[in-house]
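Asker: can you look at this prediction? I've put the sequence above it.
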Amino acid sequence: MQPVPSSAPAPDAVPVPPAGATSAGVHLVVRVDRGAVLVVPVDDVTTEPRRAVVDRDGAAPLPDGTRSPLAVGDRVDLAVAGHELHVLAVHARRSVLVRDSAGRTSHEQVLAAGVDVVLVVEHLDPDPDLGRVERLLTLAWRSGARPVVVLTKADAVPDPAGMRHDVAAVAPGVDVHAVSVQEGTGLEPVRDLLAPGVVLVVVGPSGAGKSTLVNALAGAPVMTTSQVRADGRGRHTTTHRELVPLAGGAMLVDTPGIRGVGLVADAGGLAAAFADVAGLAQRCRFADCAHDAEPGCAVLAAVEHGDLPARRLDSWRRLEREAAHHARRADARLAALEHARVRRVQRARRRSPGNPRA
């Protein structure tokens, strides 16, 4: 192990490790609880996870110097001092699954990083919520990972194939699988996704059978399950996000149920989730058509002719408004952060020994 520099080149860049600390190499974050992070070496994810100490805010610097709370799937540089591991920095994230924080701030919460496939899990009993599927697909496309829809409890409905067709209609360009864990049917196409090194994340409502699906894919009871109420809703049996190694070298993230949080999307994610609407919009007479009452609107014409369900257009409008609202809040926050950064630089220059005013 090589010695770790004990000084930071700039504020908010790299935290100062304890005296005498040595490099512990690159590790993968496999679990994030409040006040605790568990990690494994990136070259051996099957080893017993170890606890790594993080700063009080639970964050670490990214390559651009900004600080971010750690997330499952992050690759981090560690130092070891005595018997403790310390997180120094987070590597660049090739993909991130994010959502709005539960509060009124413009901060985003990173659910998982380094994800390759997002499994959007929705139940067939009760009937699937198409608007929720659309929302989660927008979230998944925005992440940069590949979305796949998994419809659970296929054994509980008389026509799972027909219901799968209905869901596929709101998921253009996405594979949709109807599965029954109880009967072991429909799981093979999902298992085929579990190639060595692939990281999957599971998102969906409570009661959708996410933990049961995880256990079936893992071939072992790796996640806690509970009874589902008569209305199809279940308790939030997963209270943390955890990266679980699966047979064959794949890894899977299970997340707490998404409960009434705002959408975090960009124009690209929304266009991918609503590729049918985006394609129609390109044929509108006006480039800035809002698809409201403008003449020559191809989107409204498709609704009128029955080619595009009105419910689908209403869903697009709602998510587009939410995404635009978030973008405005994010811009305001970025402007405030840049203003604060400039003020820090100015104060540092005034205090510099070479400054005649110092």
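Answerer: Everything's here; your move. Numbering: from 1, shown residues only.
Asker: now do stretch 39-56: everything it contacts.
Answerer: 15, 25-31, 36-38, 60, 70, 75-76, 78, 84-87, 243, 245, 251 (Cβ atoms under 8 Å, 6 or more residues apart in numbering). All C-beta atoms are positioned from the backbone trio N, CA, C, and that covers glycine.
Asker: strands - which of these land there?
Answerer: 25-31, 36-38, 60, 75-76, 78, 84-87, 243, 245, 251 (DSSP state E).
Asker: helix, strand, or coil at the residue nearest the centre of the chain?
Answerer: When Cα atoms, centre = their mean is applied to the chain, the residue found nearest the centroid is residue 97 (1.7 Å). With DSSP: H, G, I helix; E, B strand; the rest coil as the basis, residue 97 sits in strand.
Asker: mind listing the helices for the stretch 51-200 of the chain?
Answerer: Applying DSSP state H, counting those that start in this stretch to the stretch 51-200 of the chain gives helices spanning 130-143, 160-168, 188-191.
Asker: and the longest helix for this structure?
Answerer: Secondary structure assigned by DSSP state H gives helix 310-351 as the longest helix of the chain.
Asker: packing partners for that helix?
Answerer: helix 130-143, helix 267-273, helix 275-281, helix 298-304 (3 or more Cβ pairs under 8 Å, 6 or more residues apart in numbering; DSSP states H and E).
Asker: and it, how far out from the chain's middle?
Answerer: Distance of helix 310-351 from its chain centroid, counting by Cα atoms, centre = their mean, to the nearest Å, is 19 Å.
Asker: how about stretch 308-322?
Answerer: That offset, for stretch 308-322, works out to 22 Å (Cα atoms, centre = their mean).
Asker: got it, and stretch 149-157?
Answerer: Worked out by Cα atoms, centre = their mean, stretch 149-157 lies 23 Å from the chain centre.
Asker: so where is the stretch 101-250 of the chain shaky, pLDDT-wise?
Answerer: 101-107, 224-240 (pLDDT under 70).
Asker: same thing but 90
Answerer: Flagging of the stretch 101-250 of the chain using pLDDT under 90 yields the residue ranges 101-112, 194, 196-197, 201-207, 210-211, 214-215, 217-250.
Asker: how is the protein divided into domains?
Answerer: Domain ranges of the chain: 22-90, 96-254, 267-329, per automatic domain parsing.
Asker: between those domains, which one is nearest to residue 346?
Answerer: domain 22-90 (17.4 Å; Cβ to Cβ).
Asker: can you list the helices and strands packed on helix 310-351 in CSV and add mean neighbour count and distance to residue 291?
Answerer: Listed next are these as CSV, based on neighbours: other Cβ atoms under 10 Å; distance: least, Cβ to Cβ, whole Å:
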stretch, mean neighbour count, distance to residue 291
helix 130-143, 23, 16
helix 267-273, 19, 13
helix 275-281, 18, 7
helix 298-304, 18, 4
